[in-house]
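Peer 1: Curious how this folds, go ahead:
(chains A, B, C, D and E, ligands or ions: 4)
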Amino acid sequence: MAAAGLLLFLLPLAGLIIRAPWGQVGPALVAPETMTALGLSLFCSVTATVVALVLGIPLAVVLARTHGTLRSLLRALTTLPMVLPPVVGGVALLLAFGRRGLIGAPLYQAFGIQIAFTTAAAVIAETFVAMPFLVIAVEGGLRSMDHRYEEAARALGAGSWRVFARVTLPLLRPAIFSGAVLCWARALGEFGATITFAGNLPGRTQTMPLAVYVANETHPEGAIALSLILLAVSLAILIGMRDRWLGSL
Amino acid sequence: MAAAGLLLFLLPLAGLIIRAPWGQVGPALVAPETMTALGLSLFCSVTATVVALVLGIPLAVVLARTHGTLRSLLRALTTLPMVLPPVVGGVALLLAFGRRGLIGAPLYQAFGIQIAFTTAAAVIAETFVAMPFLVIAVEGGLRSMDHRYEEAARALGAGSWRVFARVTLPLLRPAIFSGAVLCWARALGEFGATITFAGNLPGRTQTMPLAVYVANETHPEGAIALSLILLAVSLAILIGMRDRWLGSL
Amino acid sequence: MAGIALSLHASIRVQRNGFALDVDLEVGAGETVAVLGPNGAGKTTLLRALAGLVPIDGRVELDGEVLDDSAAGRHVLTEHRRVGLVFQDHALFPHMTVLDNVAFGLRRDSSRIAREWLDRAGLADKAHAMPRELSGGQAQRVALLRTLATEPRLLLLDEPLSALDVTIRAEVRRELSRQLSGFQGVRILVTHDPLEAMALADRLVVLEQGKVVQTGSPAEVTARPRSRFVADLAGVNLLRGRGRGRHVELEGGAMLTAAEAGEGDVFAVIHPRAVALFLAKPEGTPRNVWRGRAEDLDLQGERVRVRLSGTVPLVAEVTPSAVRELHLDSGAEVWVAVKATEISVYRA
Amino acid sequence: MAGIALSLHASIRVQRNGFALDVDLEVGAGETVAVLGPNGAGKTTLLRALAGLVPIDGRVELDGEVLDDSAAGRHVLTEHRRVGLVFQDHALFPHMTVLDNVAFGLRRDSSRIAREWLDRAGLADKAHAMPRELSGGQAQRVALLRTLATEPRLLLLDEPLSALDVTIRAEVRRELSRQLSGFQGVRILVTHDPLEAMALADRLVVLEQGKVVQTGSPAEVTARPRSRFVADLAGVNLLRGRGRGRHVELEGGAMLTAAEAGEGDVFAVIHPRAVALFLAKPEGTPRNVWRGRAEDLDLQGERVRVRLSGTVPLVAEVTPSAVRELHLDSGAEVWVAVKATEISVYRA
Amino acid sequence: GGGVGTSGPCALMSCGGPPSNITVFAAASLQPAFDKIAVRVKSQYYLATTFNYAGTQTLTTQLIQGAQADVFASADTVHMTTVQNGGLVGGDTRVFAHNKLEIAVERGNPKRIRSLADLARSGLVVVLADPSVPAGKYAQEALANAHVTVHPASLEPQVTGVLSKVAFGEADAGIVYVSDIVTSGKVDGIAIPDTQNVIADYSIARLNSAWNRAGADEFFAYVLSSQGQAILSGAGFDTV
Ligand SMILES: Nc1ncnc2c1ncn2[C@@H]1O[C@H](COP(=O)(O)OP(=O)(O)OP(=O)(O)O)[C@@H](O)[C@H]1O
Ligand SMILES: Nc1ncnc2c1ncn2[C@@H]1O[C@H](COP(=O)(O)OP(=O)(O)OP(=O)(O)O)[C@@H](O)[C@H]1O
Ligand SMILES: [Mg+2]
Ligand SMILES: [Mg+2]
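Peer 2: Ligands and ions are numbered 1, 2, ... in the order given. Below is the predicted model of the structure:
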């Protein structure tokens, strides 16, 4: 069963690697645009993950502490960006943060700040799409946590904040780690919302998936070559993440 | 912080709802194509989730039981489909399961079976993209689990299978639930790999995100209307999932 | 800390499906109270309620400060109560070293102070071990240190010594009793060990099914048990019946002759040592003589406890040589005799 | 099950950073062995190794079946060993009711049998409770039932009674001793309670720092303690020194006169009751007289244990009336006397 | 342009001094030709070009939502009209290229497809673009002109989808633009007679929001110049 599961992942990846236009990987690798897009991708996905951690963990805590219908509602709202077709996600972001958007418009009129079509927009788009993964994973971790430790900490005089930072958070590390990996990977692969909300501007908002998209329009082989580079980098990063980061208990 | 996080989700959704072409929602709702696409979406995403559960939980167990480099490698390989730009994900699937693909070719030559362009292809594409979310979430749950209970079960004479089914699995319920929600939501929103691998034929492979994309080409308002319907249905389903399913311990 | 007199006034009601706790408790400054009671009596619940971890109906006041008052809607959070609660199952933080666990509750100089506590407890070599690398007893001691180090003004100990070995237990008990007499806080101790209760507590509170059934100094409580549980604790035989002059009519129907019995519902206590066993019916002074059957024998140190069934079920304590002489064995039929003067009777 | 003689031959070595377990153990069919030892001695590790939960170097053979043989690379999985292990911290499945927990290890008719066990234990009303709704003692009893119900051929109990109240503890001990004598399996029991060990075990094995330091029947072990721990367990004073004719030269330098002492390294045991205390230097028969200081006093039942420091640190056991007469108090200076005939000396 | 992460009116180009940079929103299918044009424009006019390639519809949405750009090149005239009606066009709109349809088949044409009529053969896997995108709409028209009914296996919302399905051998045939076949180089094209064929019009315009009108006009002019037209022709477009 596990093997079948693994096969489902491995076969397509094997297909990619076997049929890969290896001749194109070299040129793609040295092309400056590739490095620009790759760097931008890493920058945006990591920033999005950090933002998601900062905003998402408190949100998960709130979710885990509320009960009943309110919790279901909040959790459902949090999950929606995952369901939203990516293009519409981008449109929704434009409607909120675009120059004509709900808060984009006042922002533009008051300070002349435009969010859309900037690197910040790419980060926002990726955060919007990827953060739910973090929130849901962390909330799952919170729910299965043994709360005796938090009680013990409180009995030792630790206030909410100290309990959270010194006990809850460390005990939650595996869940946060999974969540962050999920979030980062999702952000790295993000395409639809980014192209709609942030545009496809090389060096500013053209992340790897967008570069792949553009390449695919003209020579699909180049697109595959680009993807392989993205895959290799992701693989290296994922393998590089040591188990000790996981703090498996 | 939690509020800021929630706002990031709520603002774009609010934008969608406020600027929504409510006049279009009615007609879209009664259009038979909408219902077809919605039904197909639900069918495919649920099937994909079930497949992911069946294949992914054992895979997560294997991941959690291996150690060192092998584990990092397996985990990284499992995570890759999340990183793969959606279009390339579809291409990879074609290279594996397509008529000329690694196992698609023998299948086609021996039995004349073509997977692409069928509902099965849509399910495979969604599973491929969404299963990693389940695997990573469940693996996180396994890692933070207290293994004394499994030891106790073994000491009571329960073999590996019984231990797994009666102890590990139930204790893992919150993690599995989060993972399944993530997986389902991701599958429901899947667009890129599906269109590349399965194509876009109403009634067979045109899921909601594809219908939204197509609608967006001609009248964007209709696309938003369709998305709202999808959102409403997802919201209803997510809220409908009772907390008792979570089996919070 | 010294010089400040702290005292606890608590009136606690907790309602849980199938279980209700209803306890009024007054503990004076510097007093140690041992809470005893059968499993499931509500001892842990009581401690958790005092710590503020269980919502209650009622009022808790510590040294004039109201910690809980359901009528006034007041509830001081656990972390602001300066209570020290040692859990029945230690609950050491699994992700911290032993040292960090002990240092956790300390504000200043935490690491140095924690190390001193560990040194004194002879656990210095485990300072950098993780809790999962400790044995059960080591974990329990660390949990105790962790709480004592915070110098709480209300110390709540839930079976703190149950997993300790004999040597350490005596030491920890001594150490604890030194600690306890050192500061003026209020101490409440849950234990199943009568010796521990006697050694450490000024007063016993016996809880059964969520209610206080008896309270008093150890000597008072064990001299006049009011329940099967306390009798077992004191190691004596407790009988219940109706007094009629010098006789007690037992619930089973048998008659007991005592020095004085009074009238109405009474308890009768007989020390196992006062129960004599014979092979033949004894002639002489003992006024209470029955037939009995030795159900089982239990060697306890240099004494053998014999559980007897028959007209009046009792436990007798005899010497091993008596066992040999009487050829006592499970199932043996014997004559049981108790002198009237060895039976103490008091109102139920 | 009856009629099949089971016996255990184990030779177990476990190496962990900073701790090594090295135990050879033979347990006969139907024998109950109590493993005693200080905290961290390796008792739990030994049980876990026997259960197959810890990889070992060495060999474990149960009733002729080799369960572990590191030389031959053989390792029978825990679930195929038919061992019953009751954990120190119960480990009830948190997601199952009490009934399902007890039924878990049963093959056929599991629910009915489980209910019978619960009924017999008086826990029928908790059958549908979840473990988190149990008190500590209730959980421990359910864990015990859960394992006993599977009728294992090797029963491993890790402090099974420590959280039980006195009444229940006596009952469970009786029930357990009935159970234990009922089938022919091998029983190994870890406990910190000397009474429990004496009551349930045929043989004691004393473990210290991973090694067996003493083994034998309860009477043998307590009569001739070979370590501080065993002496504490038996409640006696243990001294070590060199025998010279009728004298023992103690490690501190003091001289002890005994009835017979032998030559070479010896242990000397003095029962606390044999230690007499005086205000003035006693004249007369006692050959061993020193000055001492009462460090602390501990009321235990009807006796007071006085810990003495001085030339020879000892514990004396005296009556409360003696305490009053001598005006004994912590810090009091006294004369300590022990008759030569009360000192038993044996080779170390 | 501005640094990464900056925002505001200057974000899309350098402020101060004569602007030497333009932003062009262009249909993704124009990429091969426009990338070449950009190189020429840069060397001849010292004008740097930043492209935002995406589907015409996406670009339209972005423009309507207030995106700033100098030039808009659409793969059809319908979306250009939408943008124009939104008051966003700051000058002429001009059709600058035509594109014809062709049948894309696998290399070597193993299924021997010669005309649109062959696409109706049973057992043939045919993929079309979705009628909601121009290529799909035109394909429907062409098939109607030829009085052929096909049952496509998929209605791809992107022309590249049709191409890749054929290139990977998943589909036996599809209908795409000539320019797609030329740039792809992985499929063979079967011409469709002009009587059945449908012509797509690509149109271009300078936008109101342009910060560099001169630059935009230069680019506009270059596309329509003979050099620009030659490049487009090389990419498979019919010139105007
Ligand atoms: N979370 C809970 N939900 C419901 N009932 C509970 C819960 N916790 C405890 N109980 C019940 O409340 C009663 C009192 O439990 P408590 O733990 O206070 O007993 P205790 O006196 O500490 O017993 P022990 O000596 O066994 O530790 C018991 O009957 C128990 O089953
Ligand atoms: N997982 C572990 N990793 C490293 N060391 C451990 C681990 N578990 C136990 N130890 C150490 O091994 C030694 C033996 O532990 P064990 O639990 O067997 O003691 P024990 O005799 O059962 O003690 P107690 O009476 O306190 O339960 C101790 O020194 C303990 O610190
Ligand atoms: Mg308790
Ligand atoms: Mg242990």
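Peer 1: in the chain, which ranges drop under the pLDDT threshold?
Peer 2: Going with chain A. A:1, A:241-249 (pLDDT under 70).
Peer 1: You answered for a different chain; I wanted chain C.
Peer 2: In chain C the weaker segments, taking pLDDT under 70 as the threshold, are C:1-6, C:182-183, C:285-286, C:301-302.
Peer 1: And it, what are its domain boundaries?
Peer 2: C:8-92+C:134-226, C:235-347 (automatic domain parsing).
Peer 1: Could I get these in TSV, plus columns for mean neighbour count and distance to residue D:325?
Peer 2: Using the backbone N, CA and C atoms, a C-beta is placed for each residue, glycine as well. Output for those, formatted as TSV (neighbours: other C-beta atoms under 10 Å in any protein chain shown; distance: least, C-beta to C-beta, whole Å):
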stretch	mean neighbour count	distance to residue D:325
domain C:8-92+C:134-226	20	19
domain C:235-347	17	23
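Peer 1: In TSV: the ones you listed, plus distance to residue D:133.
Peer 2: Putting those into TSV (distance: least, C-beta to C-beta, whole Å) gives the following:
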stretch	distance to residue D:133
domain C:8-92+C:134-226	8
domain C:235-347	31
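Peer 1: Residue B:62: which of those domains is closest?
Peer 2: Residue B:62 lies closest to domain C:8-92+C:134-226 among those, at 31.1 Å (C-beta to C-beta).
Peer 1: do that closest one and chain A meet?
Peer 2: Yes. On the criterion C-beta under 8 Å from any C-beta of the partner chain, domain C:8-92+C:134-226 is in touch with chain A at C:51, C:53, C:77-80, C:82-85, C:87, C:89, C:91-92, C:146-147, C:150.
Peer 1: Mind checking which of those residues are in helices?
Peer 2: C:51, C:146-147 (DSSP state H).
Peer 1: Among the residues you listed, which one sits closest to chain E?
Peer 2: Of all these, chain E sits closest to residue C:146, with 47.2 Å by C-beta to the nearest C-beta.
Peer 1: ok, and of the residues of domain C:8-92+C:134-226 next to chain A, which contact chain D?
Peer 2: Among the residues of domain C:8-92+C:134-226 next to chain A, chain D is touched by residue C:89 when using C-beta under 8 Å from any C-beta.
Peer 1: And the strands in chain E?
Peer 2: E:21-27, E:48-54, E:71-74, E:89-105, E:126-129, E:154-156, E:173-177, E:188-191, E:199-207 (DSSP state E).
Peer 1: quick check: angle from the fourth one to strand E:173-177?
Peer 2: Counting by axes from the mean of the first three to the mean of the last three C-alpha atoms, to 10 degrees, strand E:89-105 points 150 degrees away from the direction of strand E:173-177.
Peer 1: Can you check what angle separates strand E:89-105 from strand E:199-207?
Peer 2: Put simply, strand E:89-105 runs at 150 degrees to strand E:199-207, going by the same axes, to 10 degrees.
Peer 1: Repeat that for the second one.
Peer 2: Inter-element angle recorded for strand E:48-54 and strand E:199-207: 130 degrees (by the same axes, to 10 degrees).
Peer 1: Now do strand E:48-54: distance to the chain's middle.
Peer 2: 13 Å (C-alpha atoms, centre = their mean, to the nearest Å).
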